[in-house]
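from the sequence below, what's the structure:
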Amino acid sequence: MLTGLRNRAARFLQRPGTADLRPHLDLLPAIAEREQAIAALADNELAAAASEAARAADDTGICALGREAARRGLGERPFDVQLVGTLAMLAGHVAEMATGEGKTLSGALAAAGYALRGRSVHVMSVNDYLARRDAEWMRPVYDLLGVTVGWIGQASTPADRRRAYNAQVTYGAVSEFGFDVLRDRLATSPDALITTTPDVALIDEADSVLVDEALVPLVLAGAADAGEANPVEMAELARRLRPHQDYLVDDDGRSVHLTDRGTRAVEAALGGIDLYTDPHLATLTRLNVALYAEALVRRDVDYIVRDGKIHLVNASRGRVARLQRWPDGLHAAVEAKEGLAATQTGEILDSITIQSLVGRYPTVCGMTGTAVAVGEQLREFYGLEIAVIAPNRPCVRVDEPDRLFATQGQKEKALADHAAAVHAAGRPVLIGTLDVAESERIAARLSRAGLSCVILNAKNDAEEAAIVAEAGTRGAVTVSTQMAGRGTDIRLGGAAGDQGQIAALGGLHVIGGGRHGSSRLDQQLRGRAGRQGDPGSSVSFASLQDELVTRHVPDARPPTAIEPDGRTADAGSREIVDHAQRVAEGVSLEIHRNTWRYNKLIEIQRQAVLEQRDRVLRTDAALRALARQSPDRAEALSATVPDEALVEAARQITLWHLDRAWADHLSYLADLREGIHLRALGRGLNPLDEFHKEAVRTFSGLLAAVEEQSVDSFETVPITADGADLTAAGLKRPTATWTYLVQDNPFGTDIDRALRSVAHAMRRLLP
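Predicted structure coming up:
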């Protein structure tokens, strides 16, 4: 009773994770009562019964039939807690379920429930591997319930994608859904469209997708002529500069700037120019980018080099961020730093944030193991509530307090010694590290101590499923970067080992190599042990030299008492680490808010453009508008050009100008955002307000300008029965397009950049 009162009080106070589960729990007895009768149905009768339950809005029947379909199709009878998770998702919540509790099956039953009600469901994952695996794994359940399922991936052809979208349930990486939306925005005929009307988004690893991925916009780019700037020259110049003398890195590790000595050296190397005068601002910008690439972008931390190319590393998942790149200038600078051939550059034709993408769906729900920690963000940005589902079997994992050390070297030595001691008892050990470089340092230290291990990081992430599946075997030592979204549970004993033997030894022991920038990632690592009531344990090693501390609490005082091995129990030092993590989480939240503040208005403008574009694409609106503005030309053409060809010609002309105007508008807004803080700072104004005012002003005449330009082209472009010859008139579309994710805020926040620029200018003015 006391627990119930506490839950009601928490819901009254609107704390995350307090969605009411009682209505779902009350259905469990009725679901159980129907099992015997449903078990007597033939396979071909299950689908008919499921459709009938959906028509009657009978969630009890849907869950009971889903349980039977899973038992027959997968050999697994869903636990009650899995059905509660299904019901929570059917109610539009995010279900928080611990690792190993069967979220994938709960999500499949929820997706089937929506589909049986006539809804179209997109199940969004964090990567292609999970999307394909889960679609194929759950297919027998969908088949028995009479629900069609498909999946899309990076290699899917347009025909593959159309088939997948025509299924009732479509699995895919969230980026693939977004890229298809972007590609459809350049379609020049209705037949070229791929996606379907958004309806239900069911999101796996909801915190990763809705929070971590929300910081990285999805981009559609078109081929553009390469600029004249030579990134190699600037990379060589930046390489010759000496840290602490020619340039300084700010305490937060997010920015770098020239000293007076460095400025003089650069100006001399470039022929005696004055870097801070208007004619050389472009040179200054390129130098700053090259210096940032040289001093702050770290190989085997921020990126790896593989197959002669730069591959960004996703910090929240410790694996290669496929199709992801920095803005072209920075990306080219890093390529030049590494001596690699420059990849193709292009102009941005359109982009979309994950928040905007998910906001297109009338119904959003999802599942994850760590939602409460970002509950306020899920509520603020998506209007989602969290339903915390208790595990089927209580977690008996032993989580030891963090072990804190003064230096990074002392921490890593103690970590390796501890791993060796646990390994000696035969227990499997999983060591979670913060980045690729650290994983390789730890592995090398273990090797020198005579302890063999398997490394899983961004350099070999293609092998992750096999590595993780065997991480629970007797005596196994696995060193891995971030475990979030790995998608394979660690089974004690491995795929074919003795689970009971490993359990008797104490189960899997998880060792953290340091605190992550989010407590969720720490929880996800610990959650790899102790799944489904298995024994297990975890401990994290941290130091006051870890980047989390040096970046977010750079003036941290040293511990008051240090043991000979470097370990400290100083309460103040522990609070410093806790504080650093809270600051990091705050920074991430502010970046998310900042990204959305600047993109919210752009999204409203985008919708206005898309509504106009859809009318032009699907109707004769373009010809009617052009005929009103140029009746003589329309009348003359109608005498020689068939109506259908004339409609199509007007459509293509208008679409070209509309797409061109929108790309130009996006380019202008990107430049505006870069400089708006300097403009606002000098006038004492709010930068965001000034950005919005300027964005509204420039957009106000966009559609009218498109119509005017379309009329000019309508009157001059050659138009015959074969259509409009846009190429002859110089109205060429990009010869190639491609999609990628672009890291936003690569140089820190906007105000950081503004203050750094002001500081540079002030240094030039001071005697």
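
all contacts plus neighbour counts: C-alpha atoms, from now on.
Noted.

how many residues are close by the residue nearest to Ser543 when sequence neighbours are not counted?
Spatially, and ignoring its direct neighbours in sequence, Ser543 is nearest to Phe405 (4.5 Å; Cα to Cα, 6 or more residues apart in numbering). Per other Cα atoms under 10 Å, the neighbour tally for Phe405 reads 28.

what domains does the record give for the chain?
Domain segmentation of the chain under automatic domain parsing yields 2-207+355-388, 225-344+738-767, 398-578, 594-733.

and those domains: which comes nearest Ser588?
Nearest to Ser588, of all those, is domain 398-578, at 8.6 Å by Cα to Cα.

that older thread, how about CSV for the domains of the chain, with distance to Leu218 and mean pLDDT added?
As requested, these are arranged in CSV below (distance: least, Cα to Cα, whole Å; pLDDT from 0 to 100):
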stretch, distance to Leu218, mean pLDDT
domain 2-207+355-388, 7, 92
domain 225-344+738-767, 5, 73
domain 398-578, 20, 88
domain 594-733, 12, 91
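
which residue is the nearest non-sequential neighbour of Met507?
You called it Met, but residue 507 is Gly. Nearest non-adjacent residue to Gly507, counting by Cα to Cα, 6+ apart: Gly536, 4.5 Å away.

measure how buried that neighbour is and give me the count.
Neighbours of Gly536 (other Cα under 10 Å): 27.

tell me if I'm right that it and Val398 touch.
Yes - with contacts counted by Cα atoms under 8 Å, Gly536 reaches Val398, the gap being 6.3 Å.

which residue is nearest the middle of this structure?
The residue lying closest to the centre of the chain (Cα atoms, centre = their mean) is Glu213, at 2.0 Å.

quick check: it touching Ile352?
No - using Cα under 8 Å, Glu213 makes no contact with Ile352, being 11.8 Å away.

going along the chain, name the strands of the stretch 101-250 of the chain.
Residue ranges of the strands in the stretch 101-250 of the chain, as given by DSSP state E, counting those that start in this stretch, are 121-125, 149-151, 169-173, 200-204, 218-223, 247-249.

ok, Trp596 to Arg673 distance?
Distance, Trp596 to Arg673, using Cα to Cα, to the nearest Å: 13 Å.

so what's the residue nearest to Ser543 up against?
Lys411, Phe541, Ala542, Ser543, Leu544, Gly566, Arg567, Thr568 (Cα atoms under 8 Å, 6 or more residues apart in numbering).

most neighbours among those, please name it.
Most surrounded of these: other Cα under 10 Å gives Ser543, at 29 neighbours.

please report the distance of that one from Val211.
Distance from Ser543 to Val211, by Cα to Cα: 27 Å.

Ala91 too?
21 Å.

those two: who's more crowded?
The neighbour comparison of Ala91 against Val211 (other Cα under 10 Å) goes to Val211, with 20 against 15.

so what's the more buried one scoring on pLDDT?
Listed pLDDT for Val211 reads 90.

list the contacts for it?
Applying Cα under 8 Å, 6+ apart, the residues contacting Val211 are Val374, Gln377, Leu378, His592.

check Leu83 too.
Leu83 neighbours (Cα under 8 Å, 6+ apart): Cys63, Ser106.

numbering from 150 from now on, please.
In the new numbering, first residue 150, that becomes Leu232.

and it, which of the three is it?
Here Leu232 is recorded as helix under DSSP: H, G, I helix; E, B strand; the rest coil.

if I look at it, how far off is Glu354?
Taken as Cα to Cα, the span from Leu232 to Glu354 is 18 Å.

cool, Leu851 as well?
Distance from Leu851 to Glu354, by Cα to Cα: 39 Å.

looking at these two, which is more packed in?
Glu354 (23 against 16).

give me the nearest residue to the more buried one, chain neighbours excluded.
With sequence-adjacent residues excluded and distances taken as Cα to Cα, 6+ apart, Glu354 is closest to Thr517, at 4.5 Å.

the one you found bridge partners, please.
Glu245 (DSSP bridges).

can I assume it is in contact with Val358?
No - in this structure Thr517 lies outside contact range of Val358 using Cα under 8 Å: 10.0 Å.

show me where the stretch 400-549 of the chain has strands.
Per DSSP E, counting those that start in this stretch, the stretch 400-549 of the chain carries strands over the ranges 405-407, 452-455, 458-463, 468-469, 473-474, 495-501, 512-517, 535-537, 547-548.

CSV for those strands, including distance to Val298 and mean neighbour count?
Shown next, in CSV, are the strands of the stretch 400-549 of the chain (distance: least, Cα to Cα, whole Å; neighbours: other Cα atoms under 10 Å):
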stretch, distance to Val298, mean neighbour count
strand 405-407, 50, 21
strand 452-455, 35, 17
strand 458-463, 29, 22
strand 468-469, 28, 25
strand 473-474, 28, 20
strand 495-501, 26, 22
strand 512-517, 18, 25
strand 535-537, 26, 27
strand 547-548, 40, 16
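
redo these as CSV? Include distance to Ala592.
CSV is the format used below for those (distance: least, Cα to Cα, whole Å):
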stretch, distance to Ala592
strand 405-407, 32
strand 452-455, 18
strand 458-463, 19
strand 468-469, 17
strand 473-474, 28
strand 495-501, 39
strand 512-517, 30
strand 535-537, 37
strand 547-548, 23
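
so which of the ones you listed comes closest to Ala341?
Smallest distance to Ala341 across those (Cα to Cα): 17.5 Å, for strand 495-501.

now do that closest one: distance to the chain's middle.
18 Å (Cα atoms, centre = their mean, to the nearest Å).

then stretch 725-739?
With Cα atoms, centre = their mean, you get 19 Å for stretch 725-739.

contacting residues around it?
Contacts for stretch 725-739 (Cα under 8 Å, 6+ apart): Gln526, Arg664, His665, Gly666, Ser667, Ser668, Leu693, Leu697, Val698, His701, Val702, Ala705.

that one: which residues count as buried?
Neighbour-count burial for stretch 725-739, counted by 16 or more other Cα atoms under 10 Å, picks out Ile725, Val726, His728, Ala729, Gln730, Arg731, Val732, Ala733, Glu734, Ser737, Leu738.

related to what we said a few turns ago, for the residue nearest to Glu354, what are its contacts?
Val243, Ala244, Glu245, Met246, Ala247, Lys252, Asp353, Glu354, Ala355, Asp356.

that one and Asp813, how far apart?
Using Cα to Cα, Thr517 is found at 39 Å from Asp813.

between the contacts of Thr517, which is nearest Arg680?
Nearest member of these to Arg680, counting by Cα to Cα, is Ala247, at 7.7 Å.

that concludes my questions; thank you for your assistance.
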